[in-house]
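Peer 1: Structure for this input, please:
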Amino acid sequence: MAKKKPLRKCTGCQELKDKREMLRIVKTSEGDFLIDISGKANGRGAYICKSKECLEKSLKNKGLERSFKCSIPKDIGESLKEALDQLE
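Peer 2: Numbering: from 1, shown residues only. Below is the predicted model:
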């Protein structure tokens, strides 16, 4: 029997994709937001495609805010964009 691939929905474009193809954004217990490269960091996670467009869409339509059940300050959105630029 074939093993199921875990699918996650992008909070930006709303597409279902393989978990390994996506970036995980984590809110730690201290309230910090990080891009989790390993996919195993502690905290609540939300997934986006590996594109700046999806991150911007997710911030604009408040997809990340719904996933984390809290508001995300503008400076955190900017730091996530910078971290994404460094990964590309």
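Peer 1: Show me what the lowest-mean-pLDDT helix or strand in the chain packs onto, helices and strands only.
Peer 2: Each helix and strand of the chain was given a mean pLDDT (mean pLDDT, DSSP states H and E); the minimum falls on helix 74-87 at a mean of 88. Other elements packing on helix 74-87 under the criterion 3 or more C-beta pairs under 8 Å, 6 or more residues apart in numbering; DSSP states H and E are strand 22-27, strand 33-36, helix 52-60. Quick note: C-beta positions are derived from backbone N, CA and C, even for glycine.
Peer 1: So for the host helix or strand of R8, mean pLDDT?
Peer 2: For R8, the host element (DSSP states H and E) is strand 7-9. The average of the pLDDT scores along strand 7-9 is 95.
Peer 1: now the helices and strands packed on helix 74-87 as CSV including distance to D85, mean pLDDT and mean neighbour count?
Peer 2: Below are the helices and strands packed on helix 74-87 laid out as CSV (distance: least, C-beta to C-beta, whole Å; pLDDT from 0 to 100; neighbours: other C-beta atoms under 10 Å):
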stretch, distance to D85, mean pLDDT, mean neighbour count
strand 22-27, 12, 94, 21
strand 33-36, 11, 90, 17
helix 52-60, 7, 93, 18
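Peer 1: Can you tell me which of these is nearest to G43?
Peer 2: With distances scored as C-beta to C-beta, the stretch of those nearest to G43 is strand 22-27 (4.3 Å).
Peer 1: Dump the closest one to PDB, keeping only the CA atoms.
Peer 2: Extracted C-alpha coordinates of strand 22-27, given in PDB (Å, rounded to 0.1, in the frame of the first residue of the first chain):
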ATOM      1  CA  MET A  22       6.000  24.500   1.200                       C
ATOM      2  CA  LEU A  23       7.500  26.800   3.800                       C
ATOM      3  CA  ARG A  24       6.300  26.600   7.400                       C
ATOM      4  CA  ILE A  25       5.900  29.800   9.400                       C
ATOM      5  CA  VAL A  26       5.900  29.200  13.200                       C
ATOM      6  CA  LYS A  27       4.600  31.200  16.100                       C
END
